[in-house]
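>>> next input, structure requested:
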Amino acid sequence: MAPSYSYGSVTSATFQANRMARERVLVVDDEEDLLELINYNLSKEGFRVTCVASGERALKEAQTLLPDVIVLDLLLPRVDGLEVCRQLKSDPKTKHIPVIMLTAKTEEADVVTGLEIGADDYMTKPFSPRVLLARLRAVLRRKAQPDEGEQQVIRVEELLIHPGRHEVTLAGEQLTLTYTEFRLLQFLAAKPGWAFTRNQIVDAVKGEDYPVTERSVDVQVTGLRKKLGDYAHYIETVRGVGYRFKK
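Okay, here's the model as predicted:
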C-alpha cells in the first residue's frame, strides 16, 4: 500500500501559524523525500498538509478532504498525474480545486497537455520550496478574490467572454479553460490591438509578485490557441514584444 503522510508541527511558532492559516493542501508524489520536504515547508507556514504517494490515493483523498489546492506530480505509478488531473477536473465535486503540476519533464507538450485538461499551473523539478510557497499563495489569492470588472462582457464575433461567470463560449459552445488561460484571454481581448510584453501579461494575470518565467506565458498561449480553434489567430505574436489580441 502506498504510504500516506499527514504531519503536524511540534513548535509553538508553527502551532500559531496553523491556527492562522487553515488552507488544506494535498501533495501527491511517489518520492518520499520530496513529500517530507514539501510537507515540512508548507506546515511551517501554517498549511494543513496531507501527502500521498499514488494517483489512486490522491483521488480518494481529494473526494474526502476537498483540499483548497492540490500539488500533483505527473510521473506517478499506475495512475499518472495527467489522468488524476483529468478525473479531478471532470468531477463536479473536485473540478474547482486548483492543481499545480510537478514534473521532471521538460517537453513543452507535457506541460501543455496538463494545462489543457485543467491544471492551473506547473513547476519543473528541481524547484525551490520558497517558489512553491509563492505559487500556492498566488493560486489561493486568485481563488479567493473575484476578478475586477466582472460585469464587463467581451464579445468578438462568435466569441463571448463573461468575466462574472468565468465563462467563455465560442459559437454557443462553452470552452474549458484554466484560470490562467481565462485571465490571459480576458486581459488581451479587453484591449484589442494593444501589444503587451510577457512581463506585463504575467503582472496582469498572476500578480506582480508571482515568480514565473517568460516561457510560461508562451506555453499558456500555445494551449489557449489550441482551444480557440478557428479563433486562434486572434492572439497575435508581436515579434520582439509579446502578444496582442487582433483588433
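
>>> how is this protein divided into domains?
Following automatic domain parsing, one gets these domains for the chain: 4-144, 154-245.

>>> can you add mean pLDDT and mean neighbour count and give those back as TSV?
Every residue, glycine included, has its C-beta placed from N, CA and C. What follows is those, written out as TSV (pLDDT from 0 to 100; neighbours: other C-beta atoms under 10 Å):
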stretch	mean pLDDT	mean neighbour count
domain 4-144	82	18
domain 154-245	85	17
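
>>> assumed residue 160 was part of a strand.
Yes. Counting by DSSP: H, G, I helix; E, B strand; the rest coil, residue 160 is part of a strand.

>>> which residues sit in contact with residue 221?
184, 235, 243 (C-beta atoms under 8 Å, 6 or more residues apart in numbering).

>>> which single one of those residues is nearest to residue 190?
residue 184 (11.0 Å; C-beta to C-beta).

>>> okay, and that closest one sits in which element?
Assigned by DSSP states H and E, residue 184 belongs to helix 179-189.

>>> please state the offset of the next helix or strand after that helix from the chain centre?
For helix 179-189, the following helix or strand on the C-terminal side (DSSP H and E) is strand 196-197. Strand 196-197 sits 21 Å away from the centroid of its parent chain (C-alpha atoms, centre = their mean, to the nearest Å).

>>> does anything pack onto strand 196-197? Which helices or strands?
strand 242-245 (3 or more C-beta pairs under 8 Å, 6 or more residues apart in numbering; DSSP states H and E).

>>> what strands line up against the strand it packs on, and which way round?
strand 196-197 (antiparallel), strand 235-238 (antiparallel) (DSSP bridges).

>>> distance to residue 165 added to these, as a markdown table?
Formatted as a markdown table, those follow (distance: least, C-beta to C-beta, whole Å):
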| stretch | distance to residue 165 |
| --- | --- |
| strand 196-197 | 24 |
| strand 235-238 | 21 |
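
>>> so for residue 116, which of these sits nearest?
Closest to residue 116 of the strands paired with strand 242-245 is strand 235-238 (C-beta to C-beta; 15.4 Å).

>>> quick revisit: which of the strands paired with strand 242-245 sits closest to residue 226?
strand 235-238 (10.9 Å).

>>> what residues does the closest one touch?
Contacts for strand 235-238 (C-beta under 8 Å, 6+ apart): 185, 188, 195, 221, 224, 225, 228, 243, 244, 245, 246.

>>> what about the second one, distance to residue 236?
What it means is residue 188. 9 Å (C-beta to C-beta, to the nearest Å).

>>> what residues are shared contacts of those two?
243, 244, 245.

>>> which among the residues you listed gets closest to residue 70?
The closest of the shared contacts of residue 188 and residue 236, once distances to residue 70 are taken by C-beta to C-beta, is residue 243, at 29.0 Å.

>>> which residues touch that closest one?
Contacts of residue 243 (C-beta under 8 Å, 6+ apart): 188, 195, 196, 198, 201, 217, 221, 235, 236, 237.

>>> for those, give me CSV that also has distance to residue 61.
Below are those laid out as CSV (distance: C-beta to C-beta, whole Å):
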residue, distance to residue 61
188, 37
195, 44
196, 39
198, 36
201, 34
217, 32
221, 33
235, 37
236, 43
237, 41
